[in-house]
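Colleague: any chance you could fold what I've pasted below:
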Amino acid sequence: MRIATVFFPEQNREKLLGISKALARGMESQGHQVDLIDGTRDVNTKLTIYEYIAIGCEQTNLFGGKIPVKVSRFLKESGIVGGKRCFAYVSKKAFGAQRTLGTLMKTMEAEGMFLKFSEILSSPEEAEEIGKRLGVG
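Modeller: Okay, the predicted model is just below:
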């Protein structure tokens, strides 16, 4: 199965990149082909060819609830994403990660994406374990 792992870094790119790479490794261990996409740099990427999409971001304010504006814009311009099964994840912060995850999920559902699972990830090790157990098939 072809899977896209799309992440949207704001302040701490290395942390979110590490979590996204580990998540991709976990899904690859199940035998899937996973492409890692930086949503802030790879702006012309089309997600139509992927059967499963994982989208991750970090909160943009101190107490959570806000996600990068680029997420919504990227999803609108990335081809057909409606009806695709997907996974939402955010990097863990001291406050507001749950609200941020809720906002990300609403944004994805507004584009017609079918959320199968969501998670707040605090480390690459945790992300890899989630990727290994993620039921993408």
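Colleague: which SS class is Lys15?
Modeller: Using DSSP: H, G, I helix; E, B strand; the rest coil, the structure places Lys15 in helix.
Colleague: could you do the one 5 residues further on as well?
Modeller: Ser20 carries the three-state label helix when classified by three-state DSSP.
Colleague: that one: neighbour count?
Modeller: Neighbourhood size, Ser20 [other Cβ atoms under 10 Å]: 28. Where you see a C-beta, it was placed from the backbone N, CA and C, and this is true even at glycine.
Colleague: do you know how far it is from Ile3?
Modeller: Distance, Ser20 to Ile3, by Cβ to Cβ, to the nearest Å: 12 Å.
Colleague: which intervals of the chain have sub-threshold pLDDT?
Modeller: Within the chain, the segments meeting pLDDT under 70 span 137.
Colleague: for it, what spans make up the helices?
Modeller: 13-28, 69-76, 97-110, 124-133 (DSSP state H).
Colleague: now tell me what touches the first one from outside.
Modeller: Residues outside helix 13-28 that contact it (Cβ atoms under 8 Å, 6 or more residues apart in numbering): 3, 5, 7-9, 34, 36, 38, 54, 56-58, 89, 91, 121, 123-125, 127-134, 136.
Colleague: can you tell me how far the most centrally placed residue in the chain is from His32?
Modeller: Nearest to the mean C-alpha position of the chain, by Cα atoms, centre = their mean, lies Ile55 at 1.6 Å. Computed as Cβ to Cβ, the Ile55 to His32 distance reads 16 Å.
Colleague: cool, Gly18 as well?
Modeller: Gly18 is 20 Å from His32, by Cβ to Cβ.
Colleague: ok, now which ones touch the residue nearest to the centre of the chain?
Modeller: Val6, Phe7, Phe8, Gly39, Val71, Leu75, Cys86, Phe87, Ala88, Tyr89, Leu104, Met108.
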